[in-house]
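Visitor: Quick one: sequence and predicted model below, then my questions.
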Amino acid sequence: MNQKSCSFPNEKELRVGQGERLSGGHSVSYDNNSALSAFRGIPISELKKHRILPALTAEANGWEPVVSPELLRAQEEWEAVETIQPGTGCQAISEQPGQLISFSEALQHFQTVDLSSFKKRIQPTIRRTGLAALRHYLFGPPKLHQGLREERDLVLTIAQCGLDNQDPVHGRVLQTIYKKLTGSKFDCALHGDHWEDLGFQGANPATDLRGAGFLALLHLLYLVMDSKTLMMAQEILRLSRHHIQQFPFCLMSVNITRIAIQALREECLSRECNRQQKVIPVVNSFYAATFLHLAHIWRTEQKTISDSGFVLKDLEMLAKKSPRRLLKTLETYLAGVSKGQASMLGAQKYYGPQAPYSKDLTFTGVCDLQPHSSESTWLI
C-alpha cells in the first residue's frame with residue numbers, strides 16, 4: 001500500500017485554537033468542532049504510528065475533542081489487526097514472534113521436568129538369549145561405562161515422550177524447526193497443512209512420532225540450530241522435493257532417529273560413547289551422519305519413494321555395523337562446508353524441478369519393517 005509522506009503533530013504539539021503549528025513547519029487551522037479536518041486523507045496506520053489517535057480520543061489540557069464514531073471504529077479495527085505472513089498459510093500468534101530455542105535449552109527442559117512415568121517404560125538394552133547372548137558377550141561391542149548410563153536412559157526416556165502442544169517448550173521447538181527450515185520470521189500454527197509441506201504425513205506432527213517420540217523433534221532441532229548442519233538439512237530438504245525422487249523429509253528424519261535409538265539400545269554406539277565420555281553428542285552426530293548417508297545414497301543411486309523400505313533396512317544394518325565410519329564421513333562433510341567447498345550431495349542443478357511432497361505416495365518406514373516382537377514393544 002502506497003502511503004504519502006506527511007508530517008504529524010505529536011501529543012504535546014496538538015493544541016486547541018486556530019493556526020496551530022504542526023511538526024515540519026506546517027500550520028493547520030481548526031477549531032474545537034473541526035479538529036479532525038487536519039488529518040483528513042491520512043492513513044489510519046500513520047495516525048496510529050505517530051500516536052495521533054490516542055491524542056484525538058482522550059482529554060488533553062482541558063480540551064475534549066469532537067471525535068466521530070468512524071474514527072473510534074477505525075482505531076478499534078486497527079488494534080484488532082493480526083499480522084499475517086504472506087504465502088505460508090500461517091497466522092502470527094502474536095505481534096512479536098516467539099524466540100528461537102536452542103538444543104541445549106530444550107534438553108535442559110527435559111533434564112528438569114519429572115519424566116519418571118516415561119522412564120519406567122524404557123528398555124535400555126535389547127534382550128539376548130542363547131547363542132545370541134554368548135556371541136554378543138564374546139565378540140560384541142563393549143558395555144557402556146556405568147557413569148554414562150543415566151545419560152543414555154535420558155535419551156531413551158525422551159523417546160518415550162510425545163508432543164504436547166500445551167507445553168510452551170514443545171511449541172517453541174516446533175516453531176524453531178519451521179522457521180529455520182523455511183526462513184520464515186513469523187510464528188505459525190502448531191497444526192496445519194504447512195507441516196505436510198515439510199514432510200510430515202498430516203497436519204499434526206505428533207501423529208508421526210511413533211517409535212521416536214520427542215527425540216525425533218530434538219534431532220531436527222539439533223540439525224537446524226547449527227549453521228553447518230542447517231546447510232546439510234536444507235540440501236536434504238531440497239532433494240526431498242525433487243519431482244521424481246521426492247520423499248517426506250520430516251518423516252524420513254523420524255526414521256533416522258529410530259535407527260539411532262536402536263543402535264544405542266544394541267550398544268553399537270557404546271565404544272564411541274566411552275571414548276568421548278558422552279552419550280547425547282554421540283547420538284546426535286550418529287543421527288546426522290546416518291541422515292547424510294541416506295541422502296547421498298538416495299541421490300547417487302537415484303532412489304525413489306518406492307525404495308524407501310529397502311534403503312532404510314540397508315542403512316540400518318550399515319549404521320549399526322560401522323558407526324565410526326559414518327561419523328568420519330560427517331566430519332569430512334562439515335569440514336568441507338566450513339571451507340565453502342561443494343557439498344557431497346551434488347550441485348543445486350541436479351535437483352531439478354521442486355515440488356511439495358505428495359501425500360498419495362506410499363512411504364515404508366523402519367517400524368513397518370520390524371516385526372512386532374517382545375524386543376520392540378517399548379516403542380511408542
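Guide: Nice, thanks for sending it over.

Visitor: From now on I want contacts and neighbour counts done on CA atoms only, so please keep to that.
Guide: OK.

Visitor: got the buried residues for the helix or strand harbouring Glu272?
Guide: Using DSSP states H and E, Glu272 falls within helix 270-276. Across helix 270-276, burial judged by 16 or more other Cα atoms under 10 Å covers Ser270, Arg271, Glu272, Cys273, Asn274.

Visitor: who touches stretch 147-160?
Guide: Outside of stretch 147-160, the residues that reach it under the criterion Cα atoms under 8 Å, 6 or more residues apart in numbering are 110-111, 115, 118-119, 121-122, 124, 211-216, 261, 264, 274, 277-280, 379-380.

Visitor: Quick check: mean pLDDT of whichever helix or strand His109 is part of?
Guide: Take DSSP H and E as the rule and His109 turns out to sit in helix 103-112. Averaging pLDDT along helix 103-112 gives 97.

Visitor: same question, stretch 213-221
Guide: The average of the pLDDT scores along stretch 213-221 is 98.

Visitor: same deal with stretch 190-204?
Guide: The model assigns stretch 190-204 a mean pLDDT of 93.

Visitor: ok, which stretches of the protein are strands?
Guide: 20-21, 27-28 (DSSP state E).

Visitor: returning to that earlier point: in PyMOL, select just the buried ones from the contacts of stretch 147-160.
Guide: Only the buried entries of these go into this PyMOL selection, using 16+ other Cα under 10 Å:
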select buried, resi 110+118+119+122+124+211+212+213+214+215+216+261+264+274+277+278+279+280+379
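
Visitor: So which of the contacts of stretch 147-160 sit within helices?
Guide: Phe110, Gln111, Phe118, Lys119, Leu215, Ala216, Ile261, Leu264, Asn274, Ile280 (DSSP state H).

Visitor: which one among these gets closest to Pro142?
Guide: Asn274 (8.8 Å; Cα to Cα).

Visitor: Skipping adjacent residues, who's closest to Tyr222 in space?
Guide: If the residues on either side of it in the chain are set aside, Tyr222 comes closest to Phe103, at 5.6 Å by Cα to Cα, 6 or more residues apart in numbering.

Visitor: Residue ranges of each domain in this structure, please.
Guide: Following automatic domain parsing, one gets these domains for the chain: 20-79, 103-376.

Visitor: per-residue pLDDT, Gly140?
Guide: 71.

Visitor: Likewise for Leu134?
Guide: 70.

Visitor: Could you do Ala60 as well?
Guide: For Ala60, the model assigns a pLDDT of 42.

Visitor: ok, and for stretch 296-312, which residues are buried?
Guide: For stretch 296-312, by 16+ other Cα under 10 Å, it's His296, Trp298, Arg299, Lys303, Thr304, Ile305, Ser308, Gly309, Val311, Leu312.

Visitor: and the gap between the residue nearest to Tyr222 and Ser270?
Guide: Distance of Phe103 to Ser270, computed by Cα to Cα, to the nearest Å: 23 Å.

Visitor: Ok, Lys185 next?
Guide: 40 Å.

Visitor: Do me a favour and average the pLDDT over the helix holding Glu272.
Guide: For helix 270-276, the per-residue pLDDT averages 96.

Visitor: Below-threshold pLDDT in the stretch 251-380 of the chain: ranges please.
Guide: Low-confidence segments of the stretch 251-380 of the chain, defined by pLDDT under 70, span residues 342-363, 365-380.

Visitor: what are the ranges of the helices in it?
Guide: 270-276, 280-300, 308-321, 323-338, 366-369 (DSSP state H, counting those that start in this stretch).

Visitor: want to throw those helices into TSV with distance to Leu148?
Guide: Putting the helices of the stretch 251-380 of the chain into TSV (distance: least, Cα to Cα, whole Å) gives the following:
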stretch	distance to Leu148
helix 270-276	8
helix 280-300	10
helix 308-321	20
helix 323-338	18
helix 366-369	27
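
Visitor: for these, which one sits closest to Tyr178?
Guide: Counting by Cα to Cα, and looking across all of those, nearest comes helix 280-300 at 18.0 Å.

Visitor: Now do that closest one against helix 308-321: the angle between them, please.
Guide: Between helix 280-300 and helix 308-321, the angle comes out at 140 degrees (axes from the mean of the first three to the mean of the last three Cα atoms, to 10 degrees).

Visitor: picking up where we left off before, can I get the ones in helices among the contacts of stretch 147-160 in a markdown table including distance to Leu198?
Guide: Putting the ones in helices among the contacts of stretch 147-160 into a markdown table (distance: Cα to Cα, whole Å) gives the following:
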| residue | distance to Leu198 |
| --- | --- |
| Phe110 | 25 |
| Gln111 | 28 |
| Phe118 | 28 |
| Lys119 | 30 |
| Leu215 | 18 |
| Ala216 | 14 |
| Ile261 | 23 |
| Leu264 | 27 |
| Asn274 | 36 |
| Ile280 | 25 |
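
Visitor: Might one say that His170 is in contact with Leu163?
Guide: Yes - His170 lies in contact with Leu163 (Cα atoms under 8 Å); the separation is 6.6 Å.

Visitor: what's the burial count for Ser253?
Guide: Counted with other Cα atoms under 10 Å, residues neighbouring Ser253 total 22.

Visitor: try the one 10 residues further on
Guide: Neighbour count for Ala263, taken as other Cα under 10 Å: 22.

Visitor: I'd like to know how many residues surround the closest residue in space to it that isn't next to it in sequence.
Guide: In this structure, Ala263 finds its nearest non-sequential neighbour in Lys320, 5.6 Å apart by Cα to Cα, 6+ apart. Lys320 is flanked by 20 other residues according to other Cα under 10 Å.
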